[in-house]
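> Fold the following.
(2 chains)
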Amino acid sequence: GAVVSQHPSRVICKSGTSVKIECRSLDFQATTMFWYRQFPKQSLMLMATSNEGSKATYEQGVEKDKFLINHASLTLSTLTVTSAHPEDSSFYICSARSGGVDEQFFGPGTRLTVL
Amino acid sequence: DQQVKQNSPSLSVQEGRISILNCDYTNSMFDYFLWYKKYPAEGPTFLISISSIKDKNEDGRFTVFLNKSAKHLSLHIVPSQPGDSAVYFCAAKSGANNLFFGTGTRLTVIP
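From the prediction side, this is the model:
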């Protein structure tokens, strides 16, 4: 199956700093990438959808100025959590989909802890 | 508003027996349902899916059943193996819209 990687796998940062998470599709071109967030014992909640070369579409309640998403190429999307706060601590997972394919392939996730 | 629900957070089954994982949904517009399997520190991996025009889809040891009138689907694993121990998420979508996930059920298969 298709492989999606995320980097870093874990990050601990101080409150007020910014953190960038990378999502890469390793063996296919991802026309669409998705960013999810999962709090403990909760389901994966979609944060935003990004199509290569265009602005991301954010779900209701997700601050686009706080969670900056860039999908500059067909193999890379980045999520930057700006001015992180402890309540942003969560598990962030990306997924990627190739054009014409219905299935999403998920990355391994990034555990963010904001102190 | 949780549109996809997995009411059992955990399930333990003896090796060789059947595992039945359940999922309920509220949105009647959902027309495609998926099951994902997730190991610790890894992302979910696709397991099996079913379209709303079917009521059963089988792939090896895995079978998904869909009861549209009850807005209920289930995943059957038989025979269960220790390697099946993981968290299982059901997900649903309508058309090209995004996936809605349940909260997951942790399956433990006891050798």
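
> okay, CA-based contacts and neighbour counts for the rest of this
Fine.

> Show me what from chain A comes close to chain B.
For chain A, the contact set with chain B under CA under 8 Å from any CA of the partner chain comprises A:41-46, A:93, A:105-109.

> what are the phi and psi values for residue 51?
In the absence of a named chain, this looks at chain A. The phi/psi pair for A:Asn51 (degrees, to the nearest 10) reads phi -110, psi 140.

> Apologies, that question was intended for B:Ser49.
phi -140, psi 170.

> need the contact list for it.
B:32-35, B:57, B:64 (CA atoms under 8 Å, 6 or more residues apart in numbering or on different chains).

> and which of these is nearest chain A?
B:Leu34 (9.5 Å; CA to the nearest CA).

> Please, which helix or strand holds the closest one?
Using DSSP states H and E, the element containing B:Leu34 is strand B:32-38.

> From the residues of chain A next to chain B, list the buried ones, please.
By neighbour count, with 16 or more other CA atoms under 10 Å in any protein chain shown, the residues of chain A next to chain B hold A:43-46, A:93, A:105-109 as buried.

> Quick check: the two most widely separated of those?
A:Ser43 and A:Phe105 (16.9 Å; CA to CA).

> Parallel or antiparallel, list what pairs with the strand holding B:Leu34.
strand B:45-51 (antiparallel), strand B:86-93 (antiparallel) (DSSP bridges).

> Which SSE is immediately downstream of the longest one?
Note on strand B:86-93: by DSSP H and E, the next helix or strand toward the C-terminus is strand B:100-101.

> pLDDT below threshold where in chain B?
B:1 (pLDDT under 70).

> Return the residues of chain B in contact with chain A.
Checking chain B against chain A by CA under 8 Å from any CA, the hits are B:41-46, B:99-104.
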